[in-house]
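**Student:** sharing a model that was predicted from the sequence below.
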Amino acid sequence: MQVKWFLKWGIVALMFYCSTGHAKQKAYVTNANGFVTVLDTSDDSILTTITLDETYNLYGAVAHPDGTKVYVVGNNGFGETGNVYIINTETDLETANSPIQVSNLTSSFPTNIAITPNGSELYIAAAQYYNFYVMDTSTNALNTQTNTPIPPNGTPSGIAIASISGSTTAYVGDGSGANDFFIIPTLTNTLMTINNQTTSNIQSVAITSDGTQAYFGSHNGQHTIYVVNTSNNTQETTISLSADPSQYMGIAMTPQGTPNANKAYVASSSNLIVIDTLTHSETSSISLGQTAVGVGITPDGLKAYVANGSDVTSINTSTDSIINTVTIGGTPRCIAVALLPSPPSPSPSPVKELINAQNNYTPLKIQKGL
């Protein structure tokens, strides 16, 4: 903001020149040590650290589509309790009604979450009781009628939501190694199964930017991504990787309409693998040196972030090269990137309006002889 003193007609005025602000992106990194690190994606600097609960392991995170909130799930590591935490992205503080217990049961062990495209519902994968849960984001209340079990004794792990042709569907991976993929149409929240006998231990799920395909990462030594066509919910193909996909939201897609669209970034061992989603092929592997876990993509598609070791590494998605490595400590797990709402344009200065009026003043001519 520029400040300028203005002298006219014996009036000293203080003028403020404010430029219109630009929308800001922030990366929220969950940590097994109970805190969330907030990064400024413009320069990868640490803005703040939010301590949610030092006794909790924090796992999945997702940003609300309007950019005003970030949701984080965590548990105490013993499957006894599980919470959803809500962070205000403007203040980077936990909201007044946070945390929310995941269920009316004593145990739930939530690990991953996804949000519907309109931001109205939050879907929570909870492994301990083989359930998924649905939370209304307007009231932050859990819909107890949609606490649906994953049979038989499945372990819901990765979860992602696709929206295509006006229909919204949640895709859930089974991390137990015993079952298949699961589909949950959000209109009815009824469970369907994609039969695939070759699959096991699905730890991460992501949807391509156009919503037409779901990627399921198998963490069982098969080094495989299973691709499901979302229009008919059948397995379309598999992608062989040079290493196993990692646990905990280890796949992220570049957004549609961005310069580097049609890419999937997969955390795999100590690498970040890049996949061309049009050809379903691995195009490059970025060495990180430490075990890669969660991956997040900026809404503008220009950067990828990957949690590895005690660090977070930023990647240029145009060149697929490392930009920065930021040490945040603890054990970072998952990353959600929020595009904050654009700040409003500044209102015209009353003083400036007064001076403009004076500049445009035309003296009143008085006719003589009246």
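**Tutor:** That came through, no problem.

**Student:** can you map out the helices along this protein?
**Tutor:** The residue ranges that make up the helices of the chain, judged by DSSP state H, are 350-359.

**Student:** for Asn262, give me its contacts.
**Tutor:** Contacts for Asn262 (C-beta atoms under 8 Å, 6 or more residues apart in numbering) come out as Thr208, Ser209, Thr254, Asp276, Thr277, Leu278. Every residue, glycine included, has its C-beta placed from N, CA and C.

**Student:** pull the number of nearby residues for the spatially closest residue to Ser138 that is not a sequence neighbour.
**Tutor:** Excluding the flanking residues, the one nearest Ser138 by C-beta to C-beta, 6 or more residues apart in numbering is Ser120, at 6.8 Å. Taking other C-beta atoms under 10 Å as the criterion, the count of residues near Ser120 is 14.

**Student:** just confirm Ser120 contacts Thr139, I think it does.
**Tutor:** No: with contact defined as C-beta atoms under 8 Å, Ser120 does not reach Thr139; the gap is 10.5 Å.

**Student:** most surrounded residue in the contacts of Asn262?
**Tutor:** Among the contacts of Asn262, the one with the most neighbours (other C-beta under 10 Å) is Thr254, at 26 neighbours.

**Student:** roughly how far apart are it and Thr95?
**Tutor:** In this structure, Thr254 lies at 30 Å from Thr95, with C-beta to C-beta, to the nearest Å as the measure.

**Student:** swap in Gly82?
**Tutor:** Between Gly82 and Thr95 the distance, using C-beta to C-beta, works out to 18 Å.

**Student:** comparing the two, which residue is more hemmed in?
**Tutor:** Gly82 (30 against 14).

**Student:** can you give me the strands in the stretch 201-350 of the chain?
**Tutor:** Listed from the start of the chain, the stretch 201-350 of the chain has strands (DSSP state E, counting those that start in this stretch) covering 202-207, 213-218, 224-229, 234-240, 251-253, 263-268, 271-276, 281-287, 292-297, 303-308, 311-316, 321-327, 332-339.

**Student:** Thr168 is nearest to which of these?
**Tutor:** Taking C-beta to C-beta as the measure, those were each checked against Thr168, and strand 202-207 came out nearest at 10.7 Å.

**Student:** quick one: list the elements packing against the closest one.
**Tutor:** strand 156-164, strand 167-174, strand 213-218, strand 251-253 (3 or more C-beta pairs under 8 Å, 6 or more residues apart in numbering; DSSP states H and E).

**Student:** rank those strands by pLDDT, which is bottom?
**Tutor:** When those are compared on average pLDDT, strand 156-164 comes out lowest at a mean of 82.

**Student:** within its sheet, name the partner strands of it and how each one runs.
**Tutor:** Strands flanking strand 156-164 in the sheet, each with its direction: strand 167-174 (antiparallel) (DSSP bridges).

**Student:** neighbours of Gln290, how many?
**Tutor:** Neighbour count for Gln290, taken as other C-beta under 10 Å: 16.
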